[in-house]
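> Dropping the sequence and predicted coords here.
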There are 2 protein chains.
Amino acid sequence: MAKGLLVSISGPSGTGKGSVLARVKEKDQSFGTSISVTTREPREGEKDGVDYYFKSKEEFMKMYEEGEIIEYDEFVGNYYGTPTVALQDMSEAGTDVLMDLTIAGSMALKENFEQSVTIFLLAPSYEELEKRLRGRGTDSDEAINARLEMARQETNYVGHFDYVVVNDDIEEAANKILAIIKAEKCRCARNIDLLEDVLKINKEMEGK
Amino acid sequence: MAKGLLVSISGPSGTGKGSVLARVKEKDQSFGTSISVTTREPREGEKDGVDYYFKSKEEFMKMYEEGEIIEYDEFVGNYYGTPTVALQDMSEAGTDVLMDLTIAGSMALKENFEQSVTIFLLAPSYEELEKRLRGRGTDSDEAINARLEMARQETNYVGHFDYVVVNDDIEEAANKILAIIKAEKCRCARNIDLLEDVLKINKEMEGK
């Protein structure tokens, strides 16, 4: 059986990752969910074990040291990480997993799993990104400036990803991500079992 | 502007290329059409300049010698070829082209155009392939056996293609091909202009 794909979506804060991922999962409900571990405070409405696993910094670092977290990244003083075993298990069982990962997380995923597919979600422009960040109304001017500088640094990594999707329309961005996943499943390099079967049958038929 | 993709579909006779391609073009009417040149007799209902350019062997070889045909292949005594200039022009104008090519044609396309995407269409099994070929009712037993042996030889090349699509359902096969095309347009390697713009803007913003 072909392994499930481990698909990561990365992109600066304000790019709309959350909305796009939610739309993708509405349209295709077959994805396994990998919930991230974080040390940041839950936002209003967020639930432990659903949106994130909310952990103390001590608990988090213990998990990391014991190899239970594939990568972690610090952002505005908080840690974000992805549990490894769950990914491995879901992929081996043939389940595709769609994840919201940091840039470092996507790079670690690419390095550790051949069944990874990395997608960078880009805002249409910095003007639009700033508008979205201000529109949230949750951050101070200082925090927004820090996020914009972070976005600038992060987008320098876009070329290290397999795909880039510009999020100027949530519906279209979601469709592109679904197309990428459908297409990746058809890549010859991901269908070695099928190709081997074909060649074996051909060999058996030879000269008959 | 990004170049249009040159997408080739190859696969043994009887795999259902014709029906799948027709369905793809029904669902997405933006493709440019590259009509093949052939020396075979028109089948019932086929029109010159629509289904194929029907040429004599002399005319065909003259075109080939003058470099007007990217590849040609012989099958059951007839030649099949793809006109080069039309592909180049359509791609440069940003038009995607979807083509039914021979195996050799797809390999030549891959070699000559970086904007190529090669897809191998596979029948679900040889039993199914034989059933479809016999179902056509147009070929002798001998011709069918020749086609099956040809199919066996051709499928040995599947691993040289970018993608493999199994045609067990026309609708699903068409959707996979459309997904492949949508996904390929998002590959970082095909969005060098966009990536350069992002890095340039980042550079300008640095330290501001």
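The structure has been received and is ready for your questions.
> Mind checking what helix or strand follows the worst-scoring helix or strand of chain A on mean pLDDT in sequence?
Across the helices and strands of chain A, mean confidence by mean pLDDT, DSSP states H and E is lowest for strand A:32-33: a mean of 82. Next helix or strand after strand A:32-33 toward the C-terminus (DSSP states H and E): strand A:37-38.
> Give the other helices and strands that the next helix or strand after that next one contacts.
Remark: after strand A:37-38, the chain's next helix or strand is strand A:53-54, criterion DSSP H and E. Under the contact criterion of 3 or more CB pairs under 8 Å, 6 or more residues apart in numbering or on different chains; DSSP states H and E, strand A:53-54 touches strand A:37-38. Every C-beta, even on glycine, is put in place using the N, C-alpha and C of the backbone.
> make it 10 Å
Contact partners of strand A:53-54 among helices and strands, from 3 or more CB pairs under 10 Å, 6 or more residues apart in numbering or on different chains; DSSP states H and E: strand A:37-38, helix A:57-65.
> So what are the sheet partners of the first one and their directions?
Strand A:37-38 pairs in its sheet with strand A:53-54 (parallel), strand A:78-83 (antiparallel), by DSSP bridges.
> returning to that earlier point: parallel or antiparallel, which strands does the least confident helix or strand of chain A pair with?
Looking at strand A:32-33 with DSSP bridges, its partner strands are strand A:97-100 (parallel).
> and the next helix or strand after the partner strand, what's its mean pLDDT?
Next helix or strand after strand A:97-100 toward the C-terminus (DSSP H and E): helix A:103-112. For helix A:103-112, mean pLDDT is 88.
> Now do helix A:103-112 against strand A:78-83: the angle between them, please.
Inter-element angle recorded for helix A:103-112 and strand A:78-83: 20 degrees (by axes from the mean of the first three to the mean of the last three CA atoms, to 10 degrees).
> In terms of mean pLDDT, which of the strands paired with strand A:37-38 ranks lowest?
The bottom spot among the strands paired with strand A:37-38, by mean pLDDT, belongs to strand A:78-83, with a mean of 88.
> Only the buried residues of that one, if you could.
Neighbour counts over strand A:78-83 (16 or more other CB atoms under 10 Å in any protein chain shown) mark A:79, A:80, A:81, A:82, A:83 as buried.
> quick one: low-confidence ranges for chain A?
In the predicted model, chain A carries pLDDT under 70 at residues A:207-208.
> those helices in it, which residues are they?
A:17-27, A:57-65, A:84-92, A:103-112, A:126-136, A:141-155, A:170-184, A:192-205 (DSSP state H).
> could you check the angle helix A:84-92 makes with the fourth one?
This means helix A:103-112. Relative orientation of helix A:103-112 versus helix A:84-92 (the same axes, to 10 degrees): 50 degrees.
> and helix A:103-112, what other elements does it pack with?
Judged by 3+ CB pairs under 10 Å, 6+ apart, helix A:103-112 is in contact with strand A:6-10, strand A:69-75, strand A:78-83, helix A:84-92, strand A:97-100, strand A:116-122, helix A:141-155.
> For the first one, name the packing helices and strands.
In other words, strand A:6-10. Judged by 3+ CB pairs under 10 Å, 6+ apart, the packing partners of strand A:6-10 are helix A:17-27, helix A:84-92, strand A:97-100, helix A:103-112, strand A:116-122, strand A:163-166, helix A:170-184.
> Can I get those in TSV including mean neighbour count?
Listed next are those as TSV, based on neighbours: other CB atoms under 10 Å in any protein chain shown:
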stretch	mean neighbour count
helix A:17-27	16
helix A:84-92	16
strand A:97-100	22
helix A:103-112	20
strand A:116-122	25
strand A:163-166	24
helix A:170-184	21
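> so can I have a markdown table of the ones you listed showing distance to residue B:159?
Shown next, in a markdown table, are the helices and strands packed on strand A:6-10 (distance: least, CB to CB, whole Å):
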| stretch | distance to residue B:159 |
| --- | --- |
| helix A:17-27 | 31 |
| helix A:84-92 | 23 |
| strand A:97-100 | 27 |
| helix A:103-112 | 23 |
| strand A:116-122 | 20 |
| strand A:163-166 | 23 |
| helix A:170-184 | 17 |
